[in-house]
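# here is my input; please provide its structure:
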Amino acid sequence: MNNRRLVCVLLGVWISALLTLTLVQQLNLRLADQLIASPMVGGAHKAIQQFGRAPAGWMLHYQAGELNRSLLEGWGFVEILISLTVFAILLFGTSVGRVHLSIAALLFFIAAGVHFLVTPTIVGVGRGLEFTLPDALPPQWNQLRTFTGTYSIFVALRVVLLAVLTALMVSWRGKKVSRGSAVDLDEIEDPNHRHVNR
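Numbers count the residues shown, from 1 in each chain. Got it, this is the predicted structure:
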């Protein structure tokens with residue numbers, strides 16, 4: 001596998017992981033609501049009745065939230081590693097132009113910025129708001145919504161940039177020297193062809 005194909009594979013994995021992570025996070029919260037509304041196992045139904053529907057719902061939402069926060073933190077490190085790998089391969093393993101390198105560098109800075117500036121706030125504020133109603137602590141809930149929306153915007157931006165970079169890599173064929181160019185170079189290097197050197 002050449003470097004161009006390797007980069008395309010990494011970009012495809014990157015896009016798939018971003019979309020899958022977003023979907024899993026939404027499904028985790030919806031599944032908690034579904035389990036409270038209609039438990040699929042008889043034992044779960046009895047446990048919810050004994051524990052109480054409201055307390056069971058709090059616990060399930062807390063578990064789903066912790067899972068989502070762990071996914072965010074873990075994926076951040078993985079995404080930074082993938083972005084560095086893609087940029088290094090493009091820089092040292094291919095002869096792509098500045099546009100390719102600029103997009104790859106931008107993807108790295110976005111991934112690093114989101115992981116170190118946005119994700120910690122989502123994790124910290126989100127964990128602190130567990131077992132609280134949206135009507136309570138309005139400033140913290142507004143902050144969480146703002147940072148969650150910012151994270152979603154950057155996810156969409158990364159998907160677009162990854163799609164553009166993938167399209168550029170698929171259409172890129174590298175620099176090729178034609179046969180005629182090779183002959184001209186040989187003539188220039190030949191000391192007997194002084195008229196060419198001049």
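# can you map out the strands along this protein?
Counting by DSSP state E, the chain has no strands at all.
# in stretch 3-12, what counts as buried?
Asn3, Arg4, Leu6, Val7, Cys8, Leu10, Leu11 (16 or more other CB atoms under 10 Å). For every residue, glycine as well, the C-beta is placed using N, CA and C.
# need the max-distance pair from those residues.
Asn3 and Leu11 (12.5 Å; CB to CB).
# related to what we said a few turns ago, would you list the buried residues of stretch 3-12 in TSV and tack on distance to Val159 and pLDDT?
TSV is the format used below for the buried residues of stretch 3-12 (distance: CB to CB, whole Å; pLDDT from 0 to 100):
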residue	distance to Val159	pLDDT
Asn3	23	91
Arg4	21	90
Leu6	20	95
Val7	17	95
Cys8	16	94
Leu10	15	96
Leu11	11	97
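# quick one: low-confidence parts of the chain?
Flagging of the chain using pLDDT under 70 yields the residue ranges 1, 39-45, 174-198.
# how about a cut-off of 90?
Residues of the chain meeting the criterion pLDDT under 90: 1-2, 26, 28-61, 130-138, 172-198.
# Ala64 and Leu129, how far apart?
From Ala64 across to Leu129, the span is 14 Å (CB to CB, to the nearest Å).
# next, the buried residues of stretch 71-80.
Leu72, Trp75, Gly76, Glu79, Ile80.
# and the helices in the chain?
3-37, 42-51, 53-93, 98-113, 119-128, 138-171, 179-189, 194-197 (DSSP state H).
# hang on, the earlier thing: name the nearest of the buried residues of stretch 3-12 relative to Thr166.
Distances from Thr166 to those, taken by CB to CB, are shortest for Leu11, at 4.6 Å.
# tell me, how many residues neighbour Val99?
11 (other CB atoms under 10 Å).
# count of neighbours near the residue nearest to it when sequence neighbours are not counted?
Residue nearest to Val99 in three dimensions, not counting chain neighbours: Leu168, with 6.8 Å by CB to CB, 6 or more residues apart in numbering. The local packing of Leu168 (other CB under 10 Å) involves 15 other residues.
# my read is that Leu168 contacts Leu101, right?
No: counting by CB atoms under 8 Å, Leu168 does not reach Leu101; the two are 10.8 Å apart.
# if we can go back for a sec, any idea how far Leu11 is from the residue nearest to Val99?
10 Å.
# how about Val164?
From Val164 to Leu11 the distance is 10 Å (CB to CB).
# check Thr85 too.
From Thr85 to Leu11 the distance is 11 Å (CB to CB).
# could you do Leu165 as well?
6 Å.
# go on, Ser70?
The value you get for Ser70 to Leu11, if CB to CB is used, is 25 Å.
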